[in-house]
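In: Have a look at this prediction, sequence included:
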Amino acid sequence: MNGFDPRWRDVPHFIIGITRQIWEDREIASLTRLYAPDLVVRSPGSVVVGANRVIAATLATLAEFPDRTLLGEDVIWCDDPARTTGGTDAFLSSHRLLSTATHTGPGVYGAPTGKRLVYRILADCAIRDDQVYDEWLIRDQAAIVRQMGFDLVGWTRDLIAREGGPERCTRPLTPATDVAGPYDGRGNDNEWGARFADVLSRIMAADLAVIPATYDRAVNLFHPGGQDGFGREAADRFWLGLRAAFPDATFRLEHVIGRDDPLMPPRAALRWSLQGKHAGWGRYGTPTGAEVHVMGISHAEFGPFGDGGRPAIRREWTLIDETAIWKQILLHTGDL
């Protein structure tokens with residue numbers, strides 16, 4: 001890894017290592033070195049610009065969840081040839097974390113509940129010069145809220161009020177609130193990324209027959225809200241419910257990575273979006289006509305047990321922030 005501290009063996013070691021260094025080892029000040037000063041962090045609920053604002057958000061999260069741990073499950077990555085110059089390497093990583101935490105301090109989730117939480121995070125990071133310089137991040141906010149014992153829509157409505165009401169609250173990520181960053185790569189051309197991209201594109205084009213054709217019959221699924229599912233029917237139920245809610249929304253593949261590493265199954269990471277109106281019955285109830293932007297990240301692992309012995313998706317992780325979706329719907333309807 002030319003241009004990086006020699007202690008890092010490879011991209012996964014760097015990504016998992018700095019995550020532990022910042023959060024669990026409490027080296028929060030190291031963010032001024034490890035994150036570029038003008039870094040853009042996009043999450044479905046907001047857009048944050050600058051390492052100093054990331055530090056402030058980190059401190060606030062740790063005050064609310066002081067025992068938070070971030071367990072690195074996987075890092076799916078690719079080279080970034082366009083920014084590999086002057087003897088310095090550049091990469092895009094998509095990493096998956098399992099977080100544990102106890103809600104013992106006041107903060108964005110309200111008064112302490114004492115609840116013990118387990119939830120996932122997916123994040124894409126562009127890295128160069130021993131720094132993260134561009135980022136896209138999704139926490140499973142629905143899983144957090146539900147484990148605290150709150151109703152998802154009610155909690156989102158309360159959040160809008162606590163942020164100052166519909167005129168002053170933090171605006172979710174949309175094309176209008178997004179900030180262009182320096183990373184504009186699209187991933188790599190590995191066959192496993194192409195396979196997963198084709199599957200998701202066909203699902204979003206209403207070709208749900210692709211699920212029994214490309215998913216293992218015993219597929220394990222990890223979906224928003226901490227909802228684990230098993231089997232093709234569960235995959236059909238999730239993707240159908242999402243697409244049915246936004247039937248005319250524009251689906252876009254933002255980034256595609258495939259990898260085949262020693263000791264690991266072939267796997268892929270996709271970052272994608274839906275942009276359009278809440279015009280159908282589905283995962284979000286009565287159609288409201290709200291213009292909604294959905295940011296999604298999905299990981300998949302492939303195995304040999306598809307029909308006819310073909311490769312098939314054996315495990316899939318997908319995250320969207322359902323509180324950000326409900327926030328857009330509530331701001332549109334005024335049901336506050």
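Out: Received the coordinates, thanks. Keep in mind that this is a model prediction, so the values were computed, not measured.

In: now what about stretch 40-47, what contacts it?
Out: Applying CB atoms under 8 Å, 6 or more residues apart in numbering, the contact partners of stretch 40-47 are 48-49, 54, 134-139, 141, 170-173, 177-181, 293-295, 320-321, 323-325, 327. The way it works is simple: take the backbone N, C-alpha and C, and place the C-beta from them, glycine included.

In: Just the pLDDT for Thr84.
Out: What the model reports as pLDDT for Thr84 is 88.

In: That one and Asp184: what is the separation?
Out: According to CB to CB, to the nearest Å, Thr84 and Asp184 sit 14 Å apart.

In: of those two, who's got more company?
Out: Taking neighbours as other CB atoms under 10 Å, Thr84 and Asp184 compare with Thr84 leading, 15 against 11.

In: okay but the more buried one is in contact with Ala90, surely?
Out: Yes. Counting by CB atoms under 8 Å, Thr84 sits close enough to Ala90 to count as a contact (4.8 Å).

In: host element of Arg271?
Out: Of the helices and strands defined by DSSP states H and E, Arg271 is found in strand 267-277.

In: With Ala176 instead?
Out: With DSSP H and E as the criterion, Ala176 is inside neither a helix nor a strand.

In: repeat for Cys78
Out: strand 69-79.

In: what residues are up against Pro224?
Out: Shown in contact with Pro224 (CB under 8 Å, 6+ apart): 140, 142-143, 318-322.

In: go again using 10 Å as the cut-off
Out: 119-120, 138, 140-143, 238, 242, 283, 296, 318-323, 325 (CB atoms under 10 Å, 6 or more residues apart in numbering).

In: Strands - which of those residues land there?
Out: Counted as lying in strands by DSSP state E, out of the contacts of Pro224, are 119-120, 138, 296, 318-319.

In: for the residues you listed, which one is nearest Gly17?
Out: Nearest to Gly17 among the ones in strands among the contacts of Pro224 is Arg120, at 19.5 Å by CB to CB.

In: Need the per-residue pLDDT for the closest residue to that closest one other than its chain neighbours.
Out: Nearest in space to Arg120, with sequence neighbours left out and distances taken as CB to CB, 6 or more residues apart in numbering, is Asp140 at 5.1 Å. In this prediction, Asp140 carries a pLDDT score of 98.

In: hey, where'd the strands end up in the stretch 151-300 of the chain?
Out: All strands of the stretch 151-300 of the chain, identified by DSSP state E, counting those that start in this stretch, fall at 215-223, 227-230, 250-259, 267-277, 291-303.

In: can you redo these as CSV with distance to Asn190?
Out: Conversion of those to CSV gives the following (distance: least, CB to CB, whole Å):
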stretch, distance to Asn190
strand 215-223, 20
strand 227-230, 26
strand 250-259, 3
strand 267-277, 8
strand 291-303, 12
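
In: among the ones you listed, which is nearest His13?
Out: strand 250-259 (15.1 Å).

In: Can you give me the buried ones in the closest one?
Out: Across strand 250-259, burial judged by 16 or more other CB atoms under 10 Å covers 251, 253, 255-259.

In: same thing with stretch 24-32?
Out: Neighbour-count burial for stretch 24-32 [16+ other CB under 10 Å]: 28, 31.

In: what about the chain, any weak spots by pLDDT?
Out: Within the chain, no stretch has pLDDT under 70.

In: ok, the closest residue to Thr58 other than its chain neighbours - contacts?
Out: Nearest non-adjacent residue to Thr58, counting by CB to CB, 6+ apart: Ile28, 5.5 Å away. Under the criterion of CB under 10 Å, 6+ apart, the contact list for Ile28 reads 21-22, 54-56, 58-59, 62.

In: Likewise for Ala161?
Out: 169, 336.

In: got it, and Ala36?
Out: Ala36 sits next to 50-51, 126-129, 131-135, 181-182 when contact means CB under 10 Å, 6+ apart.

In: and Tyr64, what does it touch?
Out: Heads up, residue 64 is Glu, not Tyr. Per CB under 10 Å, 6+ apart, neighbours of Glu64: 101-110, 112.

In: same check, this time on Tyr215
Out: Contacts of Tyr215 by CB under 10 Å, 6+ apart are 199, 221, 231-232, 234-236, 300, 306-307, 312-314, 316.

In: before we move on, what about Asp74?
Out: 12, 15-16, 94-97, 122, 259, 261, 264, 267, 269, 299, 301, 317.

In: Quick check: nearest residue in space to the most centrally placed residue in the chain, chain neighbours excluded?
Out: For the chain, the residue sitting closest to the mean C-alpha position, by CA atoms, centre = their mean, is Ile138 at 3.1 Å. Distances taken as CB to CB, 6+ apart place Leu319 nearest to Ile138, at 4.4 Å, with adjacent residues excluded.
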